[in-house]
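K.L.:
structure here, sequence nowhere to be found:
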Ligand SMILES: Nc1ccn([C@H]2C[C@H](O)[C@@H](COP(=O)(O)OP(=O)(O)OP(=O)(O)O)O2)c(=O)n1
């Protein structure tokens, strides 16, 4: 992390900012040619694998990761970020407004799993039929 500048606080980070940063990053390197939908999807899946490796063989870990060392948490943040950044870039390259799509999906989820029928149960059988 040495020498890496932090921009703003995390409350101010928008999907739009990340989208622009990834677009600039690719343009500055003439990497648009490599950022095809399929390449970005495979890159993201690779990063999901790296993220999974961090948790692999550990057994269940408590929320907040109280026993993890600081450098392990930094590493986790890096792998989570790689997944997010490739997802944002993939969405952009596919012409999907990820923020809008995600908000719509949250609404659909709420319709599919009404709180009245699903409170305290994590069971697909209580899902409403959608579509
Ligand atoms: N063609 C590429 C290569 C990298 N990146 C960006 C997006 C990711 O945030 C990060 C991924 O870089 P690496 O492939 O070097 O992966 P790691 O940072 O995970 O390194 P390593 O795999 O060595 O742990 O860089 C990108 O946008 N396009």
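P.N.:
Noted; the coordinates are in hand. This one's a predicted model, so the numbers in the text were calculated from it and none came from an experiment.
K.L.:
need the residues of the chain near the ligand, please.
P.N.:
The chain has residues 25, 31, 34, 50, 82, 85-86 near the ligand, with proximity defined as Cβ under 6 Å from any ligand atom. Yep, even glycine has a C-beta here, placed from its N, CA and C like the rest.
K.L.:
and the furthest pair within those?
P.N.:
31 and 50 (19.8 Å; Cβ to Cβ).
K.L.:
still on that earlier bit, in helices only, show me the residues of the chain next to the ligand.
P.N.:
25, 50, 82, 85-86 (DSSP state H).
K.L.:
pLDDT score assigned to the residue nearest to the spatial centre of the chain?
P.N.:
Closest to where the C-alpha atoms of the chain average out (Cα atoms, centre = their mean) is residue 84, at 3.5 Å. For residue 84, the pLDDT comes out at 98.
K.L.:
element containing the residue nearest to it when sequence neighbours are not counted?
P.N.:
Once flanking residues are discounted, residue 84 sits nearest to residue 18: 7.1 Å by Cβ to Cβ, 6 or more residues apart in numbering. In this assignment (DSSP states H and E), residue 18 forms part of helix 15-28.
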